[in-house]
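Peer 1: Here is my input; please provide its structure:
(4 chains)
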4 protein chains.
Amino acid sequence: MIQVGIIGGTGYVGAELIRLLSNHNKVNISGISSVKYRGKPISSIYSGFYQTDDLECENQQDIIEKSDLIFLALPSGLSQAIVEKAVYENKICIDMGADFRFKNENLYKKWYGKTFLNKSLHEKSVYGLPELNRDEIRRTQIIGNPGCYATSVELALLPLLSENLIEEDGIIADCKSGITGSGKELTESSHFVNCNENFTAYKVANHRHTPEIEETLSNSFKKNVKLTFVPHLLPINRGILSTIYATPKKALSLEEVHEKYSQFYKNENFIKMLPLGEVSKISGVRLSNYCHISLHYDDDNNKLIVISCLDNMMKGSAGQGIQNMNIALGFSEKEGLTTLPAVF
Amino acid sequence: MIQVGIIGGTGYVGAELIRLLSNHNKVNISGISSVKYRGKPISSIYSGFYQTDDLECENQQDIIEKSDLIFLALPSGLSQAIVEKAVYENKICIDMGADFRFKNENLYKKWYGKTFLNKSLHEKSVYGLPELNRDEIRRTQIIGNPGCYATSVELALLPLLSENLIEEDGIIADCKSGITGSGKELTESSHFVNCNENFTAYKVANHRHTPEIEETLSNSFKKNVKLTFVPHLLPINRGILSTIYATPKKALSLEEVHEKYSQFYKNENFIKMLPLGEVSKISGVRLSNYCHISLHYDDDNNKLIVISCLDNMMKGSAGQGIQNMNIALGFSEKEGLTTLPAVF
Amino acid sequence: MIQVGIIGGTGYVGAELIRLLSNHNKVNISGISSVKYRGKPISSIYSGFYQTDDLECENQQDIIEKSDLIFLALPSGLSQAIVEKAVYENKICIDMGADFRFKNENLYKKWYGKTFLNKSLHEKSVYGLPELNRDEIRRTQIIGNPGCYATSVELALLPLLSENLIEEDGIIADCKSGITGSGKELTESSHFVNCNENFTAYKVANHRHTPEIEETLSNSFKKNVKLTFVPHLLPINRGILSTIYATPKKALSLEEVHEKYSQFYKNENFIKMLPLGEVSKISGVRLSNYCHISLHYDDDNNKLIVISCLDNMMKGSAGQGIQNMNIALGFSEKEGLTTLPAVF
Amino acid sequence: MIQVGIIGGTGYVGAELIRLLSNHNKVNISGISSVKYRGKPISSIYSGFYQTDDLECENQQDIIEKSDLIFLALPSGLSQAIVEKAVYENKICIDMGADFRFKNENLYKKWYGKTFLNKSLHEKSVYGLPELNRDEIRRTQIIGNPGCYATSVELALLPLLSENLIEEDGIIADCKSGITGSGKELTESSHFVNCNENFTAYKVANHRHTPEIEETLSNSFKKNVKLTFVPHLLPINRGILSTIYATPKKALSLEEVHEKYSQFYKNENFIKMLPLGEVSKISGVRLSNYCHISLHYDDDNNKLIVISCLDNMMKGSAGQGIQNMNIALGFSEKEGLTTLPAVF
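Peer 2: Okay, the predicted model is just below:
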């Protein structure tokens, strides 16, 4: 059995990794670490894990030592030093935060206020979107797991940019996320009474996933992709729906575009192109690793509208992390991710 | 006391009118009609009205006769004949449906599948957006109360178009509404389990409020306003948030734009321009007749982002109906609409 | 105009008082105080009050001076000293917290860990449940506004105990409250992700409203009323539903019991006895000062089941405070409380 | 591979069975039937199953023929004739409805208005609560899967009645369920706007699970168990929390009672006794087959309070059905049921 450890195991990403790894047939959880809850069982935080997964929080070094692969679920900036050490000890690292999502240090510095500790690590690391970088993921030791919004927008745009079907600038991504995206920390914006029966935007055209999306897509397609990204907060626990508006370069038929998406994703396990006429919805992907994409066209205004849905804790985070782990370890990509969506 | 009747009093719009009229000092509810619930008290449908407003549903003709002003809250196409009769009897009519929202019969025919019964009524009628047509509302006998989404988008765009600040085409309105907007009828899309913890778009770039907005704004400003409008369904009871993307004609400062909006709305009771840096949210307007507007700018992509919020049952429907009634009857526009938002 | 001040104006009770007082025709808000937000406008906390009620938080002494009547919305123990001072200056005080809910200092000490600062104040003070103590409320200077759960349970039991219809002990009150009841403070139990799609009990048979209910009912009816009270947290903003199980002293007909309740409450503005066969529900009272009561009987087990509903922020707190103010100032009891429930 | 069919596959119970069986390593779904959706793929109803489980609805006879074990998820009264036929063909039947939950035909007749078609089937059938009847389940061909509320209340009471710790009458079960319990059919009580921000009781002391619980517990323990059962509807999709009040026969320590429960359930996979001081909550069991039980004591009133939680679609229905299938087929009881709760 491969030993898998989680550093920062008590936040939502850590807890979701525990839930998924507990049900994975080819790996074993070697341990989890937490600075805040050291010595306490995970079930003291999440009572749903009581007597089923009563892992006790240990320290980071112990986890590194007894693991073959390590998930890092930490605030920005804290993963780099640990990854450096772990890589030296020949471990595989999957960073669930933003430390290894950027190639351009200036972007990382501008949006996260941190620098690259060791540039060679960033040269080796791969942006962990399997539908884009599967081969590189297979060969690297350091995977930067993508952001939740970023995954949702990138999966919606990959076929269009790959086929050169849309203008690269002027793309609008109007995204809506459930509140697990804000994490476990108590804040005004995650207080029940402030969220429930409410809806609002935040970080309007100023969210950190904007540069992540722009850099990833620009580098991949040698274009200067530009997008206006506005995130909103939905009064639900899980799920992201992104409504994306793009301008076709020339007149197109929706059937053709649908066919191109279907071709592009034909070997993918987790990307489902909904039939024309259907609309993606969050309940169609909830608690699963699937991403649903639906296509629409406003011919009056020549706007292509792509709607993509995923579960922000699954394909948007921990599920994608497991998918990356499966690739890195040579397992079937679906291992541990076969549960169908909880449609209600 | 002015006598006010409601034809079609048992749907959500009717019930909200009852709630508001019951608290209005200058009018009296003369009666309500319902085909389906005739002879039954309104509290048999809404138990919250028990022993406080036990109006019994009567027939339409009786309501017309004993009323000075009539609200019509009926499915499309059913208001025209009643309005014709009522106007003949010198009553004022406020149609809460779509029958009197269009000047162009072809648009109405295309989107609602009905024709104009009597063209002269449509010539007399006024589109009931007070911030646009206050003077005409004061002088007419027939008011077509605007659609909920339409109100939200129009209020967001009026100052921009009036000042010629944005391109008239390529406007994108990504709108999100609570589920009261779908009405009282039982449907798959309003079944609790299908809505809760879910979010989706519907009628993508194909919603009936698109032509209403385009006609209203184009006629008012003698421009050919074109917009891509995508509505979504929020798992909440009340409220609309519209995120609108427009392209400025030339470089602008957000401060200037804010100043122009503030000037444009400076005498309005119900439109509040939030300070720059704030973001409109549904909880800020819930259960009130206010519309909150916040302004944002993506200078990287030269997109102006306007976020407007209102309560779809209030400023988006019944509240605006009361405001129109107040104008038509010469009352203070705020009469019966002074309740502050229920901020939680 | 009577001048009314709020000390502790920024919590949920304070904000709800502001919402109600702003719409009250016979009083004026003289000012609000807050230690934490001193100098800031209330709209910086609740954006729904923006440009409609931009009161600035002042200090307590200023509020006392310019007010004829003072609401105190403070954590336990902090009201007594302020009330002492205000009463000396001939102000009327309505304490929204627990400091003046108890006659028995030992109970207050046991459950709140505080002592009576000045016993004479507690002798003068009246427990502000108008349906029980209207005359005393009219004549006092100090009103202890009841707890939300307590109001709901007491209103359900008053007629039964008054008519000696049930055993005084063995009463079970299984109560469910919306999350505004937990207040504005950020806590694990009010974090959206912890509340949403969840439901749990808390302080099982150990909640501070138990002694309040037992003392109030025992003193009023010269009985030793004993109850098992279990509160639960509903994933909604507002509302309490209490399901109360009591054992009739002798066989009874539900019609008779309903008649006795109807008699008992026949002159009350805010208590509605639902017809037999109906069940109280939170949506029937939401955003109003009404309390709905429905009666049920399990004849197989000789249990009378009383279900009472109210809005915890209205009849359960601020609404009842306004009702008490109206009584104390000799206004109509419904003044400022006439809004019908928001049935959706 | 064992072939498993579902008759009535398109309701919520059928859909949840599909979700679970798709992830079960030892069985294969042979097919599903639906009268209403015959010929249509299941993904046309639940888009989450799109391209992952696109079973087409067939007719009942085909399903019977190609299955070794059959789940029946049908309205009351419709299972008996099918079970008769299937049993004759040596299939194992698990009825998810009420047709095989009763031994006493009169009770079934009184509460469901139907008769026993073939008494010998009811003699052979076993009430499918594994914690009570595991051995009989292993040996029967007909399993009557228990009701959701019934499972929750019975699991809470089994150890108490088995150990003769409480009075058998006067038990009160105040239960709260999510809205999937009301099923897929469109009704006023499952309309989003009627459920959301609302809470109410229904069928007060008059719900069909009352006789099911009373008969099961009375027969098992040779006592006359009597209970007052009041169900309520929570504005959430999944989960039941039951708060149960019982009177101890003699003074007891909570530690002792906890120890007896722990002994009683020590070999059970799915029943977790929470430590004293903790309170069961729905989020602790969501999307899993676990039942959490917490114990509380009101010593002032000598009431034992037991709070049990389960997911009504899992341990309350489909999950328990799979557990019964595993027992009947000799598999490990946890097969296909190992997913940890979705704690958020």
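Peer 1: any idea how far A:Ala246 is from chain B?
Peer 2: As defined by Cβ to the nearest Cβ, to the nearest Å, A:Ala246 lies at a distance of 11 Å from chain B. (Each C-beta comes from the backbone N, C-alpha and C, glycine too.)
Peer 1: list the contacts for that residue?
Peer 2: Contacts were defined as Cβ atoms under 8 Å, 6 or more residues apart in numbering or on different chains; by that measure A:Ala246 touches A:157, A:160, A:166-167, A:170-172, A:303-304, A:306.
Peer 1: now it, nearest residue through space, not along the chain?
Peer 2: With Cβ to Cβ, 6 or more residues apart in numbering or on different chains as the measure, A:Ile166 is the residue that lies nearest to A:Ala246, at 4.2 Å, once sequence neighbours are left out.
Peer 1: From chain C, how far out is that neighbour?
Peer 2: Between A:Ile166 and chain C the computed distance is 36 Å (Cβ to the nearest Cβ).
Peer 1: repeat for A:Ala246
Peer 2: If you go by Cβ to the nearest Cβ, the gap between A:Ala246 and chain C works out to 32 Å.
Peer 1: So A:Asn190 sits against C:Phe192, correct?
Peer 2: I think there's a mix-up here, since residue A:190 is Ser and not Asn. Yes. Here A:Ser190 reaches C:Phe192: they are 5.1 Å apart, a contact under Cβ atoms under 8 Å.
Peer 1: any shared contact partners between these two?
Peer 2: With Cβ under 8 Å, 6+ apart as the test, A:Ser190 and C:Phe192 both reach A:Ile179.
Peer 1: Those two: which is more packed in?
Peer 2: When neighbours are counted by other Cβ atoms under 10 Å in any protein chain shown, A:Ser190 and C:Phe192 differ, and C:Phe192 comes out ahead with 28 against 22.
Peer 1: Hmm, A:Ile179 and that one touching each other?
Peer 2: Yes. Assessed by Cβ under 8 Å, C:Phe192 is found in contact with A:Ile179 at 4.8 Å.
Peer 1: who touches both of these two?
Peer 2: Contact with both C:Phe192 and A:Ile179 is made by residues A:190, A:195, A:235, A:237, according to Cβ under 8 Å, 6+ apart.
Peer 1: neighbours around A:Arg134, how many?
Peer 2: Neighbours around A:Arg134, by other Cβ under 10 Å: 17.
Peer 1: secondary structure element for it?
Peer 2: Taking DSSP states H and E as the criterion, A:Arg134 maps to helix A:130-139.
Peer 1: hmm, who's touching the helix or strand just after that helix?
Peer 2: Beyond helix A:130-139 on the C-terminal side, the first helix or strand identified by DSSP H and E is strand A:142-144. Under the contact criterion Cβ under 8 Å, 6+ apart, strand A:142-144 has outside partners A:83, A:87, A:92-95, A:98-102, A:121, A:124-128, A:137, A:324, A:328.
Peer 1: mind listing the strands for the stretch 151-300 of chain A?
Peer 2: In order along the chain, the stretch 151-300 of chain A carries the following strands (DSSP state E, counting those that start in this stretch): A:171-177, A:200-201, A:227-233, A:240-246, A:271-273, A:291-298.
Peer 1: Nearest to B:Glu278, out of those strands?
Peer 2: If you check each of these against B:Glu278 by Cβ to Cβ, strand A:200-201 wins as the nearest, at 10.1 Å.
Peer 1: check whether the closest one contacts chain B.
Peer 2: Yes. For strand A:200-201 and chain B, the contact criterion (Cβ under 8 Å from any Cβ of the partner chain) is met by A:200-201.
Peer 1: Kindly reformat the strands of the stretch 151-300 of chain A as CSV and extend each row with mean pLDDT.
Peer 2: Below are these laid out as CSV (pLDDT from 0 to 100):
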stretch, mean pLDDT
strand A:171-177, 98
strand A:200-201, 98
strand A:227-233, 98
strand A:240-246, 98
strand A:271-273, 98
strand A:291-298, 98
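Peer 1: Quick one: those strands as a markdown table, columns for distance to A:Ile29 too.
Peer 2: Written out in a markdown table, the entries for the strands of the stretch 151-300 of chain A read as follows (distance: least, Cβ to Cβ, whole Å):
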| stretch | distance to A:Ile29 |
| --- | --- |
| strand A:171-177 | 28 |
| strand A:200-201 | 37 |
| strand A:227-233 | 32 |
| strand A:240-246 | 27 |
| strand A:271-273 | 28 |
| strand A:291-298 | 26 |
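Peer 1: who wins for proximity to B:Glu16 among those?
Peer 2: Judged by Cβ to Cβ, the one of the strands of the stretch 151-300 of chain A that comes nearest to B:Glu16 is strand A:200-201, at 23.3 Å.
Peer 1: Which elements pack onto that closest one?
Peer 2: Counting by 3 or more Cβ pairs under 8 Å, 6 or more residues apart in numbering or on different chains; DSSP states H and E, the packing neighbours recorded for strand A:200-201 are strand A:227-233, strand B:240-246.
Peer 1: Mind checking these for the one nearest to C:Thr228?
Peer 2: Distance to C:Thr228, taken as Cβ to Cβ, is lowest for strand A:227-233 among the helices and strands packed on strand A:200-201, at 39.7 Å.
Peer 1: Partner strands of that closest one, with direction?
Peer 2: Strands flanking strand A:227-233 in the sheet, each with its direction: strand A:171-177 (parallel), strand A:200-201 (antiparallel) (DSSP bridges).
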